[in-house]
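In: Coordinates for the following, if possible.
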Amino acid sequence: MNGTWCVTARAALLGSILVSVPAAAAAQVISLKTIPVAAGDQFLLFPSDKLGMGGVAIALDDSLLDPFINPAKGARLSESRVLAAPTFYSMSQNAGSARSLPVGVLFRSGRAFGGGMAALQQLKAGDQVFWPGPFFEQAVLPPDALSRRSATNKYVFLTLGAVLPGEVALGASAFLADLNAIDGVEHLYAMASSIEQSGGVRDFRVGLTKSFGNDRTLEAVLVHNRFDMDHDVAYVEWVVVDSTNWIWEPRERLENNRDKTRTWGAHLGYAQPVGRSGWRVGGVLTANRKSHPKIPNYELVNIPRDPGNSTAFDIGVGIAKTAGNLTFGMDIVYEPATSDTWAEAADTVTTVSGGSILPGGKTIENAFRHSNAFVSLGVSQAIGPAAFQLGLHVRAYDYHLDQWDNVTETSRRQDEQWMEWVPSWGARVRIGEAEVRYMGRVTTGTGRPGVAWTPTAESRFTDAGLANDIVVAPGGPLTLQDVTVTTHQISVSLPIR
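Out: Below you'll find the model as predicted:
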């Protein structure tokens, strides 16, 4: 990937954040990206036993994370447990950080199982240079305003299920987030003087597992994810108050942007042992249909909030081997996807050939064709009461864009590829009845993209730093400041007896 990219005024049509409950490589809510944004780990809230192994998940069970991803897997709990998982991450270049404290309980009583978890999070925004400088900041918003320094987010997770006859388990879960900030949104409005966010996430799941003889397992999950955010953005506009002496003064312009995404998803997974030497294989198939009824305006000039749709699939296989105290796992996932976005005319628009596009007609059309792939591998070695993990998760992004401008009656094509590398490590130790785990990982290959700005009537500046997913159409030179994300999680699990 070369160091220059591009985003034009009309091309940046879709930048919605499609937030999902955090999951391993084979997630039920699939993320899409068209630029290598450092997203952070804002939604890494739940404890995991395999995160230090690169998040391998297809052929290996994760005793801590599984009940949060598929609520029916709470049936695999052998006993009730109290959980806590303090999580911290920071980005280089002072690009942002967060601290989260999730606490909760998972219970098992006869055929019933369930639990809940709540989390508080302090999110610190990255350094942001607001144009036109300190004078306007002091005139409009104090530089040390609390809303500029940090925000508080709240999360709640609830799950309940039961074991049915025939080795079948059925469960349901709800994940609710009250959000006052999404990491990186301040970079989407790089020309703004201030940004206030509010909204939330609602994620609902119904899961099923079926156990067969010889340790064969089948799982299925249905997901509905609703993401809603409001962005109240203030821009500065310099107005000439004395044209003779060229005296200017700043005026504030307020803009409200809404960001909405609706995701419906279905997931199937199967795993079974191979032979008698400790090998195990598995496969997953996931499908998502996403609609984006409201897309924010990430630029200075007000344009319609334009809709879009995405369809994505995960097709993955995994292998694992357990030999005594040594465990090895590897996942390979291919992710084809399509995204179609467009801009709608607010008023009648005349094309270059003299035709007309009526209100509601499409002025710009973008067709993305994604061909992504992910590989995770990891190893764990137990030594007495302790175990140590090493892992690597690699993500390869590849997409083709076809864009049609129905106003200028032109079209173009573009191809982009990049890779993200996420080495991880971890350790687990038993202290009495308690299990204490540590996980760390570093994400490289991402950054904070931004468009070089020049003061012309049609110029825009946009910087798309988002959590999780982005679908924007590149179209002009874009710079990329490399950013490294470093994450640490400490989890404690204590049985209730």
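In: any idea which element Phe225 lies in?
Out: I think there's a mix-up here, since residue 225 is Asn and not Phe. strand 217-242 (DSSP states H and E).
In: Sheet partners, orientation included, of that strand?
Out: strand 192-211 (antiparallel), strand 247-274 (antiparallel) (DSSP bridges).
In: pLDDT at the residue located most distally from the centre of the chain, what is it?
Out: If you look at how far each residue of the chain sits from its centre, by Cα atoms, centre = their mean, the farthest one is Thr244, at 51.7 Å. Predicted confidence (pLDDT) for Thr244: 78.
In: any idea how far Pro250 is from it?
Out: 20 Å (Cβ to Cβ, to the nearest Å). C-beta here means a position set from N, CA and C on the backbone, and glycine is covered the same way.
In: Confirm that the residue farthest from the centre of the chain sits in a strand.
Out: No. With DSSP: H, G, I helix; E, B strand; the rest coil as the criterion, Thr244 is located in coil rather than a strand.
In: how about low-confidence regions in the stretch 151-300 of the chain?
Out: Residue ranges of the stretch 151-300 of the chain with pLDDT under 70: 187-188, 190, 297-300.
In: 50 instead?
Out: Residues of the stretch 151-300 of the chain meeting the criterion pLDDT under 50: 299-300.
In: again with the stretch 351-497 of the chain
Out: In the stretch 351-497 of the chain (pLDDT under 50), the answer is 451-469, 475-478.
In: in stretch 327-338, what's buried?
Out: Across stretch 327-338, burial judged by 16 or more other Cβ atoms under 10 Å covers 327-333, 335, 337.
In: now stretch 379-391: how far from the chain's centre is it?
Out: 29 Å (Cα atoms, centre = their mean, to the nearest Å).
In: Kindly export that stretch (C-alpha atoms) in CSV.
Out: C-alpha atoms of stretch 379-391 as CSV (Å, rounded to 0.1, in the frame of the first residue of the first chain):
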residue,chain,number,x,y,z
VAL,A,379,-0.4,-21.5,21.1
SER,A,380,-0.8,-22.0,24.8
GLN,A,381,1.5,-23.9,27.2
ALA,A,382,0.4,-24.8,30.7
ILE,A,383,3.1,-25.1,33.4
GLY,A,384,1.7,-26.2,36.7
PRO,A,385,-1.0,-23.7,37.9
ALA,A,386,0.0,-21.2,35.1
ALA,A,387,-0.4,-21.1,31.4
PHE,A,388,1.2,-18.8,28.8
GLN,A,389,-0.1,-17.8,25.4
LEU,A,390,1.3,-16.3,22.1
GLY,A,391,-0.8,-15.4,19.1
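In: ok, residues contacting it?
Out: 50-56, 325-329, 376-378, 423-431, 439 (Cβ atoms under 8 Å, 6 or more residues apart in numbering).
In: Give the buried subset of those as a PyMOL selection command.
Out: The buried subset of those, as determined by 16+ other Cβ under 10 Å, is captured in PyMOL by this line:
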select buried, resi 50+51+52+53+54+55+56+327+328+329+376+377+378+424+425+426+428+439
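In: Return the subset of the contacts of stretch 379-391 lying in strands.
Out: Mapping those onto strands (DSSP state E) picks out 326-329, 376-378, 423-431, 439.
In: Contact partners for the closest residue in space to Trp248 that isn't next to it in sequence?
Out: Excluding its sequence neighbours, the residue lying closest to Trp248 (Cβ to Cβ, 6 or more residues apart in numbering) is Trp238, at 4.7 Å. Trp238 is in contact with 132, 248-251, counting by Cβ under 8 Å, 6+ apart.
In: Thank you kindly, that will do.
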